[in-house]
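Trainee: take this sequence and fold it.
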Amino acid sequence: MSATQPVQPVQPVQPKVTEREARRVAEAAREQDWRKPSFAKELFLGRFRIDLIHPHPLPADEDVRRGEAFLARMREFCEAMLADGTAARIEREARIPDETVRGLKELGALGMKIDPQYGGLGLTQVYYNKALALVGSVSPAIGALLSAHQSIGVPQPLKMFGTREQKDAYLPRCATTAISAFLLTEPDVGSDPARLATTAVPDGEDVYVLDGVKLWTTNGVVADLLVVMARVPKSENHRGGITAFVVEADSPGITVEHRNAFMGLRGLENGVTRFHGVRVPAAQRIGAEGAGLKIALTTLNTGRLSLPAMCVGAGKWCLKIAREWSGVREQWGRPVARHEAVGAKISFIAATTFALEAVVDLASQMADEDRNDIRIEAALAKLYGSEMACLMADELVQIRGGRGFETAESLAARGERAVPAEQMLRDLRINRIFEGSTEIMHLLIAREAVDAHLAVAGDIIDPEKDLGDKARAGARAAGFYARWLPQLATGAGQLPGTYRAFHPPGHPDLATHLRYVERCSRKLARSTFWAMSRWQGRMETKQNFLGRIVDIGAELFAMSAACVRAEHLRAADEHGREAYQLADAFCRQSRIRVEELFGRLWSNTDDLDRKVVEGVLGGAYTWLEEGVLDPSGDGPWIADAAPGPSVHENVHRPLR
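Mentor: Below is the predicted model:
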């Protein structure tokens, strides 16, 4: 509801937390145990467990039949959108047409991941991702709408943590008609949820009252159902903490105050949502009080795979356009593809698309089988996919030259093919921020990568532990490292005949790349150990070092996935020779990046950079800013998010 008269803003109740308290909240939210094996976790520990990913896991025949049937229907729907100009209209009008959303509902696209018993299609993660890649290649905004609804919206957390009553009440709606959104971020709270200000105050035993403001609520403008993260105050009979709720979007007291506009994804229904005195039945709480962050992080373990899936679709499209354009565009007497400078870019796009699809398909099939813990693999796929897709799109713009910078509408107006290369670049850029920025993903993955070390030696470097705890940790660490460190001295990567199955006659030698991965895995583990020994408690502040460690791990994972996929395709007699060539090209390109990253672990400008930053913040270089004007003016950096009734018109528009 929107108030008709302005009200005096109330000072927001912003929790004051120290850095250590914020880390403690994040630590409490992560999954503590490793009940299943993890290829990526072992990789960071110096153990190359290729047996966990090879032979490549395969979907069941029925899953393939159901998935392919839906992909055929989705392809027809997408082809119709291209034929009638819907995709271009979304970009032009910055809005997905209502009739398009109705068509998606009729197609069953809202329920791709929802079990058939609730009216969904029950697609596997593999085919859900393929569907997102397909629709995202036509309209990334539609891909984002479907992904936000099913990957992080109401269906996924209810599937994993909801009660039977909640599933019965909400999943049939989500599968057919109701669009959902996930609300965590606030105007002054991003990746630091310990400072979450939105509150859910118990009113008796059966109701919570929500107050607060949420920012960047993807799907929030059109959503029917919301997953809201709010802080329950600790009190008698209430353990309190950040808690998840399912909330009806049209509840009294909810106002969508603004629809945000962005440099890309112009059809994204993303807004600012205010809660004022919103009464939510306790039966709509997901899980226990205080379990909200754990629910969010667990949901994202597989939810993150949807984003790199759409990056795969972008890579495939970039390759198609690069191939067709560079074959007909001539310079100096021959097609531009035949010039080495352009050819290298095309090779990068082709090889990287192959590897990225290998990463996403492997991680997705592992998620479907549920035999492995894929929290690190999914995070690596998100990190690597978002970074590499941006690079591929940028290279496509460069290959297209001036036409790459020109809009599709302008190209069409003057009689040329309407290639939206610049739109693709703009649309992909958000993926390095969505669902955990690259910098946050580095820290999240690094924390998981060093989990084994912290489990045995964490108390040694914890300033809050007493001498007794440190002594016991020292004894544990001595036993662990006495067994572990010798394993890092030598391994299968030093034996010439290892992984010979990856060098069949007449194909490139992928075995040598896998031996390289094995050696680098041990080197990566040694580097991590030396860094922890050197910096101990200060290790968590060495974010650039940790980022390089993670980036090396991402490259090694991608190389492994590419080789396994190539061998799988060869064994299945599906483009085996070409797949081996692409995997070989990718691994050779990746090895160059890995060597550079290893070199930068110890030879870098990190210390100098910190000094420069201190100078910038201290005003030492303000003279360098002279000679320009700032068009942004003097407005506040962060909008007022004080709780209270809204003074804005409600722009919520549910799609029917």
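Trainee: measure Ala571 to Lys465 for me?
Mentor: 52 Å (CB to CB, to the nearest Å). All C-beta spots, glycine's among them, are computed from the backbone N, C-alpha and C.
Trainee: equivalent analysis for Cys563, please.
Mentor: 43 Å.
Trainee: swap in Pro193?
Mentor: From Pro193 across to Lys465, the span is 25 Å (CB to CB).
Trainee: more neighbours: which of the two?
Mentor: For Pro193 versus Lys465, the count of surrounding residues by other CB atoms under 10 Å is larger for Pro193: 21 against 15.
Trainee: so which residues of the chain form strands?
Mentor: Assigned strands in the chain, in chain order: 180-183, 199-202, 207-218, 225-232, 241-248, 254-259, 270-281, 285-286, 330-331, 334-335 (criterion: DSSP state E).
Trainee: which of those has the lowest average pLDDT?
Mentor: Comparing mean pLDDT across those, the weakest is strand 330-331, with a mean of 83.
Trainee: how far out from the middle of the chain is that strand?
Mentor: 39 Å (CA atoms, centre = their mean, to the nearest Å).
Trainee: pull the number of nearby residues for Glu205.
Mentor: Counted with other CB under 10 Å, the neighbours of Glu205 add up to 8.
Trainee: find the residue closest to it in space, skipping its chain neighbours.
Mentor: Spatial nearest neighbour of Glu205, excluding adjacent residues (CB to CB, 6 or more residues apart in numbering): Ala282 at 6.9 Å.
Trainee: I figured the one you found hits Ala200, correct?
Mentor: No - with contact defined as CB atoms under 8 Å, Ala282 does not count as touching Ala200 (9.9 Å).
Trainee: show me the contacts for the nearest residue to His507 once chain neighbours are set aside.
Mentor: The spatial neighbour of His507 that comes closest, neighbours along the chain excluded (CB to CB, 6+ apart), is Tyr580 at 4.3 Å. By CB atoms under 8 Å, 6 or more residues apart in numbering, the residues touching Tyr580 are 507-508, 510, 566, 570.
Trainee: most neighbours, which of those?
Mentor: In the contacts of Tyr580, the most neighbours by other CB under 10 Å go to Ala566, 30 neighbours.
Trainee: quick one: that residue and Leu582 touch, right?
Mentor: Yes - applying CB under 8 Å as the test, Ala566 and Leu582 come out as touching, 7.2 Å apart.
Trainee: so what pLDDT did Ala650 get?
Mentor: No Ala there; residue 650 is Asn. If you check Asn650, the pLDDT there is 96.
Trainee: and it, how far is that from Leu293?
Mentor: Counting by CB to CB - Asn650 and Leu293 are separated by 29 Å.
Trainee: who has more neighbours, the two?
Mentor: The residue with more neighbours, out of Asn650 and Leu293, is Leu293; 22 against 15, by other CB under 10 Å.
Trainee: Leu411: neighbouring residues, count only.
Mentor: 18.
Trainee: need the contact list for Val187.
Mentor: Actually, residue 187 is Pro. It isn't Val. Pro187 touches 213, 215, 272, 638-641, counting by CB under 8 Å, 6+ apart.
Trainee: how about it, phi and psi?
Mentor: Here is the backbone geometry of Pro187 (degrees, to the nearest 10): phi -50, psi -30.
Trainee: please name the nearest non-neighbouring residue to it.
Mentor: Ala641 (4.2 Å).
Trainee: near that neighbour, how many other residues are there?
Mentor: When counting by other CB under 10 Å, one arrives at 20 neighbours for Ala641.
Trainee: which parts of stretch 513-531 are buried?
Mentor: Buried positions in stretch 513-531, judged by neighbour count with 16 or more other CB atoms under 10 Å: 513-525, 527-529, 531.
Trainee: C-alpha coordinates for it, CSV please?
Mentor: The C-alpha coordinates for stretch 513-531 follow below in CSV (Å, rounded to 0.1, in the frame of the first residue of the first chain):
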residue,chain,number,x,y,z
HIS,A,513,47.4,-31.9,-20.5
LEU,A,514,45.9,-34.1,-17.8
ARG,A,515,49.4,-34.8,-16.5
TYR,A,516,50.0,-31.1,-16.5
VAL,A,517,46.8,-30.6,-14.4
GLU,A,518,47.9,-33.2,-12.0
ARG,A,519,51.3,-31.6,-11.5
CYS,A,520,49.7,-28.1,-11.2
SER,A,521,47.2,-29.4,-8.6
ARG,A,522,50.0,-30.5,-6.4
LYS,A,523,51.8,-27.2,-7.0
LEU,A,524,48.7,-25.3,-6.2
ALA,A,525,48.3,-27.2,-2.9
ARG,A,526,51.9,-26.5,-2.0
SER,A,527,51.5,-22.8,-2.8
THR,A,528,48.4,-22.6,-0.6
PHE,A,529,50.3,-24.3,2.3
TRP,A,530,53.3,-22.0,2.0
ALA,A,531,51.0,-18.9,2.0
